[in-house]
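**Student:** just to be clear, the model below is a prediction. Sequence and coordinates:
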Amino acid sequence: MTTLMVADDHPLFREALSAVISAGLPDCQLLETDNLAGALSHASRHEALDLLLLDLDLPDAEGLSGLAMLRERLPRLPVAIVSAEQDRRIVLEAIEMGAVGYIPKSTPRAELLAALARILDGQLYLPPSIMLRPPVEDTSVAPSSGDALSARLSRLTGKQLEVLEQMTRGASNKRIAQELDIAETTVKTHVSAILRKLGVASRIQAILAAGEVDMSELSVSRRQR
């Protein structure tokens, strides 16, 4: 049996989320808590816990501090963020810290259940509603760094950009192969080339790099060449 825990300090949302999960995943056992201490206590006692759904703002943990503590204390526990926060930089930072997914509280029921199914299947979930949104310009970042990133991204072929776009949505190699109608081995070749051209060591780092630019503009530009 799959066991999930919901950590959120708003009773109405916590109960509503639990109800949606119970209806959509009837074989799932649900645990609930309204603070980080409760989440740590429950997770420590339930070794079979498959996923913790964590709110970013709990009474005893603000922002990503709760995720940081969970990663430190229980590094093997899969944690997905469920939050009203819509800032793509927060989403990417959470993933970089080890979250297995980020689900906005505005997510429709069917999409929420699909996200949970993807995460429980071992895949990463990134919200399309946020990841496909053009990035907000960060004036604290030196223009040269952005130019260097754009230059590296411009080295990607059209197909590699399509693969990278799918990666930013959390798609697995198998899913990318299905979406682009190519062999999974070809996807792996493209992913390796993407990492090499971007000068990064992992898929997460590639996703983070893509998160700093407007992928839609890059894709359109490349297709027009």
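**Tutor:** That came through fine. Numbering: from 1, shown residues only.

**Student:** in this structure, mark out all the strands, start to finish.
**Tutor:** 3-7, 29-33, 51-54, 57-58, 61-62, 79-83, 101-104 (DSSP state E).

**Student:** residues in contact with residue 75?
**Tutor:** residue 98 (CB atoms under 8 Å, 6 or more residues apart in numbering). No exception for glycine: its C-beta is placed from N, CA and C like everyone else's.

**Student:** and it, what are its phi and psi?
**Tutor:** phi -60, psi -20 (degrees, to the nearest 10).

**Student:** neighbours of residue 23, how many?
**Tutor:** Around residue 23 there are 10 other residues, counting by other CB atoms under 10 Å.

**Student:** and it, how close does it get to residue 110?
**Tutor:** According to CB to CB, to the nearest Å, residue 23 stands 11 Å off from residue 110.

**Student:** most tightly surrounded among the strands of the chain?
**Tutor:** Across those, averaging neighbours per residue (mean count of other CB atoms under 10 Å) puts strand 51-54 on top, at a mean of 25.

**Student:** and that strand, what does it pack against?
**Tutor:** strand 3-7, helix 36-45, helix 65-73, strand 79-83, helix 109-120 (3 or more CB pairs under 8 Å, 6 or more residues apart in numbering; DSSP states H and E).

**Student:** what pairs with it, and is each one parallel or antiparallel?
**Tutor:** Here strand 51-54 has these sheet partners by DSSP bridges: strand 3-7 (parallel), strand 79-83 (parallel).

**Student:** quick one, which of these is nearest to residue 50?
**Tutor:** strand 3-7 (5.3 Å; CB to CB).

**Student:** relative to helix 36-45, how tilted is that closest one?
**Tutor:** 170 degrees (axes from the mean of the first three to the mean of the last three CA atoms, to 10 degrees).

**Student:** residue numbering should commence at 363 henceforth.
**Tutor:** I'll keep to 363 as the first residue from here, and by that count the last item is strand 365-369.

**Student:** strand 365-369 vs strand 391-395, what angle?
**Tutor:** Between strand 365-369 and strand 391-395, the angle comes out at 20 degrees (the same axes, to 10 degrees).

**Student:** for strand 365-369, output the C-alpha coordinates as CSV.
**Tutor:** Below are the C-alpha coordinates for strand 365-369, written out as CSV (Å, rounded to 0.1, in the frame of the first residue of the first chain):
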residue,chain,number,x,y,z
THR,A,365,1.6,5.8,2.1
LEU,A,366,1.5,9.6,1.7
MET,A,367,1.7,12.4,4.3
VAL,A,368,0.2,15.9,3.9
ALA,A,369,1.9,18.6,6.0
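
**Student:** residues in contact with that strand?
**Tutor:** 376, 379-380, 383, 387, 390-398, 400-401, 404-405, 408, 410-417, 420, 428, 444, 478.

**Student:** run the chain-centre distance for that strand.
**Tutor:** Chain-centre distance of strand 365-369: 17 Å, with CA atoms, centre = their mean, to the nearest Å.
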